[in-house]
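A.B. asks: predicted model and sequence follow; I will ask about them next.
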Amino acid sequence: MIVKLHKQARTTPAIREEIKHAVGTLTELAARFNVSIHTIRKWKQRDSVLDQPHTAHRLQTTLSPA
């Protein structure tokens, strides 16, 4: 499986899986994995460790009937 990460990614799917199953306080885990508490909380709450798309969910323009 080829994983494409953006150039500023600090976590990989493997690290995210470790975060999801790690035991400890948010502060301890953030220090251990060298990420923010927000990142730890986000990956603990998610069902999947894969990236979600960052594209717009709605079209920002209106289309004519043609």
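C.D. replies: Structure received. Numbering: from 1, shown residues only.

A.B. asks: pretty sure V49 contacts E18?
C.D. replies: No: at 9.4 Å, V49 does not count as touching E18 under the criterion of C-beta atoms under 8 Å. C-beta coordinates here come from the backbone N, C-alpha and C atoms, glycine included.

A.B. asks: which SSE is A14 in?
C.D. replies: Using DSSP states H and E, A14 falls within helix 13-21.

A.B. asks: give me the helices and strands touching that helix, please.
C.D. replies: Helices and strands touching helix 13-21, by 3 or more C-beta pairs under 8 Å, 6 or more residues apart in numbering; DSSP states H and E, are helix 26-33, helix 37-45.

A.B. asks: again, 6 Å this time
C.D. replies: With contacts taken as 3 or more C-beta pairs under 6 Å, 6 or more residues apart in numbering; DSSP states H and E, helix 13-21 sits against helix 37-45.

A.B. asks: now for the helix it packs on, which elements pack on it?
C.D. replies: Helices and strands touching helix 37-45, by 3+ C-beta pairs under 6 Å, 6+ apart, are helix 13-21, helix 26-33.

A.B. asks: what sits up against the lowest-mean-pLDDT helix or strand in the chain?
C.D. replies: Least confident helix or strand of the chain, by mean pLDDT, DSSP states H and E, is helix 13-21 with a mean of 87. Residues from elsewhere that reach helix 13-21 (C-beta atoms under 6 Å, 6 or more residues apart in numbering): F33, W43, V49.

A.B. asks: circling back: by how many degrees do the helix holding A14 and helix 37-45 diverge?
C.D. replies: Angle of helix 13-21 versus helix 37-45, following axes from the mean of the first three to the mean of the last three C-alpha atoms, to 10 degrees, is 80 degrees.

A.B. asks: just the CA trace of helix 13-21, in CSV.
C.D. replies: What follows is helix 13-21, C-alpha atoms only, in CSV (Å, rounded to 0.1, in the frame of the first residue of the first chain):
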residue,chain,number,x,y,z
PRO,A,13,-1.4,5.8,9.5
ALA,A,14,0.8,3.5,11.6
ILE,A,15,1.5,6.2,14.2
ARG,A,16,-2.2,7.2,14.2
GLU,A,17,-3.2,3.6,15.0
GLU,A,18,-0.7,3.7,17.9
ILE,A,19,-2.2,6.9,19.1
LYS,A,20,-5.7,5.5,18.9
HIS,A,21,-4.8,2.5,21.1
